[in-house]
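**Q** From the sequence below, what's the structure:
(one chain, ligands or ions: 2)
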Amino acid sequence: MIKVSVVGAKGRMGSHVVDAVNGANDMELALTLDAGDDLTLITPDNTDVVVEFTVPSVSLGNVLALIAQGVDVVVGTTGWNDEKLAQVRQAIAEGPKPETQKVFIAPNFAISAVLADYFAAKAAKYFESAEVIELHHPTKVDAPSGTAIHTAQAIGAARKAAGLGDMPDATETDGGSRGQVIDGVHVHAVRLRGLNAHEEILLGNAGEQLTIRADSFDRGSFMPGVLLATRKLATDAPAGLTIGLDQFLDL
Ligand SMILES: NC(=O)C1=CN([C@@H]2O[C@H](COP(=O)(O)OP(=O)(O)OC[C@H]3O[C@@H](n4cnc5c(N)ncnc54)[C@H](O)[C@@H]3O)[C@@H](O)[C@H]2O)C=CC1
Ligand SMILES: O=C(O)C1=N[C@H](C(=O)O)C[C@H](O)C1
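**A** Ligands and ions are numbered 1, 2, ... in the order given. As a prediction, this is how the structure comes out:
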């Protein structure tokens, strides 16, 4: 049995993870922690894998504390950047298990979103223009979404590798309506009561458009991916930091 602890267990995602672990016949729920709880209660004796879904402002601190505890971590919290990721890699190298510690971070655990990212990266070099629209519930604290940032980065990398230049855009006066530019890709965020998590990727050429859309209508859509990652970390995932559920799929 895989002993799984959950950090952020009282949250929208954390509570779904608790239910998913309790429903998995190869897992047992160890500790459920939330804000103010002592992370040093989690040890390799009581936990094989921690699943962390908290808030962007605290996730790095949580992950560093859990690395110091010598436990492997699946991270769903967003808000990551290169500087924070470098701190995670350094903490692993200087931690108690530098050769075996595993940390996995994914901006999105839903297969629809992972495939949308993959398809967008494949399509990007064939289109003059590409923009990303993410749409979420109005209780989300970060914008743009980690998924949209990851998608924009993938499109930007594919365009750079193909030698594509800047996208056409004659905008001279922008009051903010063109969104945030990430690796040359404009990203737009919608917050609307009634939505959960959605992303639309628009790719355009003269006379044609390709639209790639992923919808997570409820948070259950993320759970198969969370359980997959948890099982991978408990078995044959590589040591060190792994980023993106696509790394665990045969895409
Ligand atoms: N990777 C993915 O597939 C998904 C990622 N997310 C991300 O997960 C994060 C959480 O989203 P939600 O669950 O909707 O948020 P939420 O606000 O419902 O839950 C966050 C939980 O973390 C707790 N918390 C706050 N500070 C803490 C600390 N220092 N230590 C432990 N717990 C602490 C809060 O009390 C709360 O229970 C966000 O960053 C969101 O973008 C959300 C859905 C899917
Ligand atoms: O906050 C959410 O709900 C979600 N956050 C993640 C993100 O920021 O990409 C994943 C998904 O979009 C749901």
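
**Q** Near ligand 1, which residues of the stretch 1-150 of the chain? Just list them.
**A** 7-8, 10-14, 33-35, 53-56, 58, 62, 76-78, 106-109, 142, 146 (Cβ under 6 Å from any ligand atom). No exception for glycine: its C-beta is placed from N, CA and C like everyone else's.

**Q** Among those residues, which lie within strands?
**A** 7, 33 (DSSP state E).

**Q** Now, of the residues of the stretch 1-150 of the chain next to ligand 1, which are buried?
**A** Burial by neighbour count, judged by 16 or more other Cβ atoms under 10 Å, picks out 7-8, 11, 13-14, 33, 53-54, 62, 76-78, 106-109, 146 from these.

**Q** Pull the contacting residues for the residue in the stretch 1-150 of the chain that ligand 1 sits nearest to.
**A** For the stretch 1-150 of the chain, the residue closest to ligand 1 is Gly11, as judged by Cβ to the nearest ligand atom, at 2.2 Å. Taking Cβ atoms under 8 Å, 6 or more residues apart in numbering as the criterion, Gly11 is in contact with 34, 53-54.

**Q** swap the cut-off to 6 Å and go again
**A** For Gly11, the contact set (Cβ atoms under 6 Å, 6 or more residues apart in numbering) comprises Phe53.

**Q** Please apply the same query to Ala130.
**A** Ala130 neighbours (Cβ under 6 Å, 6+ apart): 124, 155, 185, 203.

**Q** Okay, and the beta partners of the residue nearest to Val190 when sequence neighbours are not counted?
**A** Using Cβ to Cβ, 6 or more residues apart in numbering and skipping residues adjacent in sequence, the residue nearest Val190 is Leu135, 4.1 Å away. Here Leu135 sits in beta bridges with Val190, His198, going by DSSP bridges.

**Q** and the residue positioned nearest the centre of the chain, how far is that from Gly225?
**A** For the chain, Pro107 is the residue whose C-alpha lies nearest the centre (Cα atoms, centre = their mean; 0.9 Å). Separation of Pro107 from Gly225 (Cβ to Cβ, to the nearest Å): 11 Å.

**Q** ditto for Lys84
**A** Per Cβ to Cβ, Lys84 is found 22 Å from Gly225.

**Q** Walk me through the domains of this structure.
**A** Split into domains by automatic domain parsing, the chain comes to 2-105+220-248, 111-217.

**Q** So what are the sheet partners of the helix or strand where Thr242 lies and their directions?
**A** Element membership of Thr242, judged by DSSP states H and E, is strand 240-243. Here strand 240-243 is paired, per DSSP bridges, with strand 102-105 (parallel).

**Q** helix or strand right after the partner strand?
**A** Downstream of strand 102-105, the first helix or strand assigned by DSSP H and E is helix 111-123.
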